[in-house]
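Asks: Fold the following.
(chains A and B)
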Amino acid sequence: MISVIITTQNRIDDLSRLLPELKKVNIPQFEIIIVDNDSTDGSAEFVSEQHPDVKLIKLHWNAAGITGRNIAAKNARHQILVSLDDDAIITEQTFKTILNRFQEDITLGVIPCSVINGEKVSNRSKYEEGLPIDNSGTEMFSATACGLAFRKEIFNKFGYWEDWGQEAPFELSLIIKCLSSGLKIKRFKDISVFHYHSPSVTRSSKKAHYSATKSWIWWYFKFYPINKIIRNVLRIIHTACYAIIEQKTFLYINAVFSSIRDIPSIYFIERQPIPLKYLEKIRTTDNFKGG
Amino acid sequence: MQKHLVIRSVKAELLPFFVEKWSINNPNDKFDLLSHASDVSSGVENLENQYSHLFERIYTYKPNSDFSAFGIIKSLKVELCNNKYASIIIPHKSENLKGFTNVVMLAFVISGRVYHGNIDGVLKLVPKRHIVKIIVESILAAIIYLVVLPIFILSLGINTLKYLLNASPSKRKK
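Replies: Numbers count the residues shown, from 1 in each chain, chains lettered A, B, ... in the order given. The predicted structure follows:
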């Protein structure tokens, strides 16, 4: 019924918090798939030795977020996928609620979980008991990969995520594919994910910013109408120029130029323009840090 | 007791860290929040559920656009200005305010006293001369932009031409 897909790299501590929680889930046909992006801290060994029933896919390179998630999704046996960050937790009760909501509403395609700061919650079950039951949900047009439940049939119809390396476009990509499938995206007040990212830990890397910049440019060329491609790409170039002065880095402008090589193939082969009615509802967040 | 406005420039679930740190030294202060209606992680409705104890009022910015001093809806700007906040707080996780230019400009439009705070809870006043710095940087960036843009367009044009020539059926036959 549910396949949980997780990618990880060098986060053995997070996995040792997450996996025992997932193992408590008592749902028939429930599988956990972990794609290990060539960890060097023993994460893969920890999973294979301590949790042999978890399906571990050990890569010998860092496939980054999207490729790893695609590999996990392709290996999933069930029709409901839950994409989960390794530093996040979804409780058994929430998995059951997710399953119920998908079974009750066949037009429901994606459920983005509300993100709760796990560090601030001492008792997850008690916290969830206090949430109002929300059978109707609220239709929305955004999602976060931290905790994201969706039907695999979306991939079957419109292909898997674009292997472009960064998170924001791939979340939106799922939203676009879901809407294109004629399915709905709904958030429910009683479906939450507990996220345990410490505020003192900055995990974003230069490599991530570099590939995110490229990804956004490609994203616009794949999905946007010409006028919006021009406007958004010019804005990215301007921001990259500003970063040269403000942040004293050529990282972003390098990314802009390195994106050029793949733009023609994305535009002429992969292009799937988004209908305007959806475009107006989607908020892109391609800015480099703030706001 | 003073009232402050927090601009949500970090993930929503990190907001309590900033507010609580501030409240240690100023326990009676009150806060409003300016956030996006289409907040990626939570949604405003959920923000209100989670943080009603932290914020007296949550204002929503335009759903599909980034914070901007020039893009803010006039009525919202007027309302925020009328609230006469003691300060505007820009929380962030980085070492400095780099990358937050739009948010800083928006904050200055709403009020003259702007603070930025990192995860240590240390809030620093953003001096008004920061605006001058932003303007100078913008001018320099515009000059670079004028140089970079034609190079980008030319490179993209050449690359596309190469692609089309390589992809043409006649080429493939050869």
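Asks: you'd agree B:Asn96 is in a helix?
Replies: No: B:Asn96: not assigned to a helix; according to DSSP: H, G, I helix; E, B strand; the rest coil it is coil.
Asks: Helices along chain A, start to end?
Replies: Here chain A has its helices, by DSSP state H, at A:12-23, A:43-50, A:64-74, A:92-104, A:124-129, A:153-158, A:167-180, A:206-223, A:226-246, A:251-258, A:263-265, A:276-279.
Asks: so how many other residues sit close to residue 83?
Replies: Picking chain A for this. As a burial measure, A:Ser83 scores 26 neighbours (other CB atoms under 10 Å in any protein chain shown). For glycine as for every other residue, the C-beta is placed from the backbone atoms N, C-alpha and C.
Asks: please go with chain B instead
Replies: Quick note: B:Asn83 (other CB under 10 Å) scores 15 neighbours.
Asks: same question, the one 3 residues further on
Replies: The number of residues packed around B:Ala86, counting by other CB under 10 Å, is 16.
Asks: got the contact list for it?
Replies: Contact partners of B:Ala86, counting by CB atoms under 8 Å, 6 or more residues apart in numbering or on different chains, are B:Gln2, B:Lys3, B:His4, B:Asp29, B:Arg113.
Asks: Inside strands: which ones of the residues you listed?
Replies: B:Lys3, B:His4 (DSSP state E).
Asks: out of the contacts of B:Ala86, who's nearest A:His195?
Replies: Using CB to CB, B:His4 comes nearest to A:His195 of these, at 25.6 Å.
Asks: thought that closest one was touching B:Phe31?
Replies: Yes: if you go by CB atoms under 8 Å, B:His4 and B:Phe31 touch, sitting 5.3 Å apart.
Asks: Below-threshold pLDDT in the chain: ranges please.
Replies: Unless you meant another one, I'm taking chain A. For chain A, applying pLDDT under 70 flags the ranges A:64, A:165-168, A:197-205, A:283-291.
Asks: not what I meant, chain B
Replies: Short version for chain B, where the test is pLDDT under 70: B:13, B:37-52, B:63-64, B:95, B:119-121, B:168-174.
Asks: residues in contact with the helix or strand B:Val109 falls within?
Replies: According to DSSP states H and E, B:Val109 maps onto helix B:101-110. Residues from elsewhere that reach helix B:101-110 (CB under 8 Å, 6+ apart): A:242, A:246, A:287, A:290-291, B:5, B:7, B:9, B:66-69, B:72, B:77, B:80-81, B:85, B:88, B:90, B:97, B:114, B:116, B:126, B:128, B:130-131, B:134, B:137.
Asks: quick one: which of those sit in strands?
Replies: Among those, DSSP E puts B:Leu5, B:Ile7, B:Ile88, B:Ile90, B:Val114, B:His116, B:Val126 in strands.
Asks: Close to chain A as well: tell me which of those qualify.
Replies: By CB under 8 Å from any CB of the partner chain, the members of the ones in strands among the contacts of helix B:101-110 lying near chain A are B:Ile7, B:Ile90.
Asks: Compare the ones in strands among the contacts of helix B:101-110 and tell me which is most surrounded.
Replies: Using other CB under 10 Å as the neighbour test, those are led by B:Val114, with 28 neighbours.
Asks: Quick check: the residue of chain A positioned farthest from its centre vs B:Pro150, distance?
Replies: Distance from the C-alpha centroid of chain A, by CA atoms, centre = their mean, peaks at A:Ile245 (31.7 Å). Using CB to CB, to the nearest Å, A:Ile245 is found at 19 Å from B:Pro150.
Asks: cool, and B:Gly71?
Replies: Going from B:Gly71 to B:Pro150 by CB to CB gives 27 Å.
Asks: neighbour count winner among these two?
Replies: Ranked by neighbour count (other CB under 10 Å), B:Gly71 and B:Pro150 place B:Gly71 first, with 12 against 9.
Asks: A:Ile34: what's it in contact with?
Replies: Residues near A:Ile34 by CB under 8 Å, 6+ apart: A:Ile6, A:Thr7, A:Thr8, A:Leu15, A:Val47, A:Val54, A:Lys55, A:Leu56, A:Ile57, A:Ala72, A:Asp86.
Asks: wait, what's in contact with the first one?
Replies: For A:Ile6, the residues meeting the contact criterion (CB under 8 Å, 6+ apart) are A:Leu18, A:Ile32, A:Ile33, A:Ile34, A:Val35, A:Ala72, A:Ser83, A:Leu84, A:Asp85, A:Asp86.
Asks: Which of those sits closest to chain B?
Replies: A:Asp85 (11.5 Å; CB to the nearest CB).
Asks: what's the closest non-adjacent residue to the closest one?
Replies: Sequence neighbours aside, A:Cys146 is the residue nearest to A:Asp85 in space, at 4.7 Å (criterion: CB to CB, 6 or more residues apart in numbering or on different chains).
Asks: ok, the one you found - contacts?
Replies: Residues in contact with A:Cys146, defined by CB under 8 Å, 6+ apart, are A:Leu84, A:Asp85, A:Ala88, A:Cys113, A:Val115, A:Val193, A:His195, B:Ser41.
Asks: Please report the number of neighbouring residues for residue 26.
Replies: Here I'm looking at chain A. Residues lying near A:Asn26 (other CB under 10 Å) number 9.
Asks: looking at chain B here, not the other one
Replies: For B:Asn26, using other CB under 10 Å, the count is 13.
Asks: What backbone torsions are found at it?
Replies: phi -130, psi 70 (degrees, to the nearest 10).
Asks: neighbours around the nearest residue to it once chain neighbours are set aside, how many?
Replies: Spatial nearest neighbour of B:Asn26, excluding adjacent residues (CB to CB, 6+ apart): B:Gln2 at 7.2 Å. B:Gln2 has 11 neighbouring residues, counting by other CB under 10 Å.
Asks: what sits against B:Gln2?
Replies: B:Gln2 touches B:Asn26, B:Asp29, B:Lys30, B:Ala86, B:Ser87, counting by CB under 8 Å, 6+ apart.
Asks: check contacts around A:Glu128.
Replies: Each residue near A:Glu128 by CB under 8 Å, 6+ apart is listed here: A:Thr91, A:Gln93, A:Thr94, A:Asp190, A:Ser192.
Asks: again, only using 10 Å
Replies: Neighbouring residues of A:Glu128 by CB atoms under 10 Å, 6 or more residues apart in numbering or on different chains: A:Thr91, A:Glu92, A:Gln93, A:Thr94, A:Thr97, A:Ile116, A:Val121, A:Asp190, A:Ile191, A:Ser192, A:Phe194.
Asks: In contact with the second one: list those residues for me.
Replies: Put plainly, it is A:Glu92. A:Glu21, A:Leu22, A:Lys23, A:Lys24, A:Val25, A:Asn26, A:Ile27, A:Phe30, A:Ser125, A:Glu128.
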